[in-house]
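In: attaching a predicted model along with its sequence, questions to come.
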Amino acid sequence: MKNEEIARILYEIALYLEMKEVAFKPAAYEKAAESIEALEEDVEDIYKKGGLKALEDIPAIGKGISERIKEYLETERIKDYEKLKKQIPVDIQTLSAIEGIGPKLIKLFYQKLKIKNIGDLERAAKAGKLAKLPHSGEKLQEKILKGIEFYRRSHSRFLLGAALPLADKIEKRLNKAKSVIKAACAGSLRRRQETIGDLDFLVACPERSRGVVMDFFVSMPEVIHVFAKGSTKSMVQLRSGIAADLRVVDEKSFGAALQYFTGNKDHNIKLRKIAIKKGYKLNEYGLFRGKKQIAGRDEKEIYEKLGLAWIPPEIRNNLNEIEAGQENKIPRLVELRDIKGDLQVHSNWSDGSNSIEEMAMAAKKIGYQYTAITDHTKDLAMTGGSDEKRLLKQMSEIDKINEKLFKKGNFRILKGAEVNIRKDGSLDIKDEVLEKLDIVGAAVHSSFNLSKEEQTKRLIRAMENLHIDIIFHPSGRLLGQRPGIELDWDEIFKAAKETGTILEINAQPSRLDLNDDNIRRAKNMGIKLSVGTDAHSTAELSYNIYGISQARRGWCEKKDVINTMNFPEILAFLKKPKSKRF
Ligand code: DGT
Ligand code: CA
Ligand code: CA
Ligand code: ZN
């Protein structure tokens, strides 16, 4: 239902017009917004049934505004509104999302104090300027400062690695709660985006139990603030800083709601268009032919009735997955259980916190057949990186461990290293020693600010080395901290393909490097990828779930990821000359 969105935009238009001191119109838009807000029927339904004429029949909606509503329903935007936003540089959407602030205050603050955004507002409040305004006061000023803090906490984005364990815990708890038939977390979390804005929980329960379920949700131990609590929707702030929504639906709508709230928005819009073309209507309650619900309980059924194969949430971003679904060409994406070993693991020989044996035993316990040990090398002195001599020593140590612990051949440690790619593309370990390793990763850990040309040349030179099997975390980005090095990706992919160099999908939640787009491009060129956790402790071996979801977001199948191979196969693969690998 779009009533709320439309009302919000109409309010914003009223406010913008008021700021421009346009006569009469602001009041008209405000009345229209109030009327839409109070409406019980879905505006979209009204329009579909009766067209523009029916919109004009809504109380307080005149000709001009009904045209705007029509424009929004058809194109999801209103041109005049976009224009106003450009003309008046006040961030009304953010300001009005702060608890305690409405249109009147935004106008007052702008006119008296030139406050345009949340930063201006915070400075003014901290300087005590808000309290001095007419119709204001100390109390309001304090409330606004609190509101800003909550806004900031709930509007920053969180790493998938932080959000997923929390969401899983709450989802499990909801599933066990009294009266709950089914619970799931939808939204960007279900799509396994790299960062998460807020958590979107869904629960199916009998209508009479909605109150109990809402009580349960808002009183969970993680909840530190309740933004809103209603019979079908509640919003809370969790202690870790992330916000969470809960929507409660009937069991017969659970699949439709799961589909709708998983998104993303563009995917949903496209799907809804397909429904309309077929003469159906798709919304969060179900798929309808006229008044009759023809799907909704089960998400898969919705896709089926629309003539599509079910689409894994990780690729729902309107990048051709819908067309693939229509042609029944959704690949079987790689899964966690396909992974047979980890190809980037550190031990306490460099900056890891566990011994080689401990890392190997933990990998075996996961069910792997092998793990590489890829400690840092000498240029990364602060990690205790090895020089040639120490690397040779570590190799004989690994031979001994393999002999001692895994004599039966049921597990194997691969001798590896993570060597540094120097500024000029040369490596910090000599070829004679690299040659003796089972597997060599090379990575950029310095000189992040070279030009695109220099970085590209640098990486290509490393790939041309016949002993470099994998480029680890190719872009070197750190989410929210540092962008990746500048690279000409076309050239990088071309060189990877020509040299037979594998590109890593690094599973560290702050890296997830390659990104989804580059994974898909590499895959489409026939380049092989590896999923590595870059674990620095036994616990971090579990980061493989993030690497897998990243691989899936890049449409990877099992065959695209080399560490889905069983041990004898990967060993044979690594023994082949690079140029013969793919
Ligand atoms: P986030 O929270 O910023 O990481 O991203 P999402 O994708 O979880 O977005 P959120 O929480 O605002 O909304 C959850 C889902 O609900 C979204 O992926 C798709 C659906 N949705 C939200 N707003 C709209 C809308 O205006 N139109 C359509 N078609 N779907 C929407
Ligand atoms: Ca969300
Ligand atoms: Ca949300
Ligand atoms: Zn590294």
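Out: On my side now, so go ahead. Residues are numbered from 1 along each chain as shown. Ligands and ions are numbered 1, 2, ... in the order given.
In: hmm, the helix or strand hosting residue 260 touching ligand 1?
Out: Assigned by DSSP states H and E, residue 260 falls within helix 254-262. Yes: using C-beta under 6 Å from any ligand atom, we find that helix 254-262 touches ligand 1 at 260, 261. Where C-beta positions appear, they are placed from N, C-alpha and C, glycine not excepted.
In: what's in contact with that helix?
Out: Contact with helix 254-262 is made by 181-182, 184, 186-187, 190-191, 200, 202, 204, 247, 249, 268, 271, 282-287, 295-303, 313, 316, as judged by C-beta atoms under 8 Å, 6 or more residues apart in numbering.
In: list the buried ones in that helix?
Out: Neighbour counts using 16 or more other C-beta atoms under 10 Å place 254, 255, 256, 257, 258, 259, 260, 261, 262 of helix 254-262 among the buried residues.
In: mind listing what's buried along stretch 57-69?
Out: For stretch 57-69, burial by neighbour count (16+ other C-beta under 10 Å) applies to 58, 61, 65, 66, 68, 69.
In: for that stretch, the averaged confidence score.
Out: For stretch 57-69, the mean per-residue pLDDT is 95.
In: also stretch 469-478?
Out: When pLDDT is averaged over stretch 469-478, the result is 97.
In: so how far does that stretch reach from one end to the other?
Out: Its first and final residues considered, stretch 469-478 spans 23 Å by C-alpha to C-alpha, to the nearest Å.
In: I'd like the distance from it to the chain centre, please.
Out: 20 Å (C-alpha atoms, centre = their mean, to the nearest Å).
In: can you tell me what sits against that stretch?
Out: For stretch 469-478, the external contacting residues (C-beta under 8 Å, 6+ apart) are 343-344, 374, 418, 439-445, 448, 459, 462-463, 482-485, 487, 492, 496, 501-504, 506, 508, 510-511, 513-515, 518, 530, 532, 534, 574, 578.
In: from these, list just the buried residues.
Out: 343-344, 374, 418, 439-445, 459, 462-463, 484-485, 487, 492, 496, 501-504, 506, 508, 510-511, 513-515, 518, 530, 532, 534, 574, 578.
In: which among those are in contact with ligand 1?
Out: Residues of the buried ones among the contacts of stretch 469-478 in contact with ligand 1 (C-beta under 6 Å from any ligand atom): none.
In: what sits against the one residue sitting closest to the centre of the chain?
Out: Residue closest to the mean C-alpha point of the chain, counted by C-alpha atoms, centre = their mean, is residue 193 at 1.6 Å. By C-beta under 8 Å, 6+ apart, the residues touching residue 193 are residue 160.
In: now it, what's its secondary structure?
Out: Per DSSP: H, G, I helix; E, B strand; the rest coil, the secondary structure class of residue 193 is coil.
In: next one: residue 414
Out: strand.
In: mind listing what it touches?
Out: 341, 343, 370, 371, 372, 373, 438, 439, 574.
In: can you name the element that comes right after the helix holding residue 260?
Out: Next along the chain after helix 254-262, taking DSSP H and E as the criterion, comes helix 265-277.
In: need the residues of the stretch 151-300 of the chain near ligand 2, please.
Out: By C-beta under 5 Å from the ion, the part of the stretch 151-300 of the chain that sits against ligand 2 consists of 187, 188, 197, 198, 200.
In: could I get these in TSV, plus columns for pLDDT, secondary structure and neighbour count?
Out: Listed next are those as TSV, based on pLDDT from 0 to 100; DSSP: H, G, I helix; E, B strand; the rest coil; neighbours: other C-beta atoms under 10 Å:
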residue	pLDDT	secondary structure	neighbour count
187	98	helix	23
188	98	helix	23
197	94	coil	17
198	95	strand	20
200	98	strand	24
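In: can you narrow those residues to ones near ligand 1?
Out: Among those, proximity to ligand 1 is found for 187, 188, 197, 198, 200 (C-beta under 6 Å from any ligand atom).
In: mind picking the two most distant members of the residues you listed?
Out: 197 and 200 (9.4 Å; C-beta to C-beta).
In: common neighbours of the two, please.
Out: The contact sets of residue 197 and residue 200 overlap at residue 187 (C-beta under 8 Å, 6+ apart).
In: and the host helix or strand of residue 389, what's buried?
Out: Counting by DSSP H and E, the element that carries residue 389 is helix 388-405. Within helix 388-405, the residues scored as buried using 16+ other C-beta under 10 Å are 388, 390, 391, 394, 395, 397, 398, 401, 402, 405.
In: ok, now stretch 562-579?
Out: Using 16+ other C-beta under 10 Å as the test for burial, stretch 562-579 gives 562, 563, 564, 565, 567, 570, 573, 574, 578.
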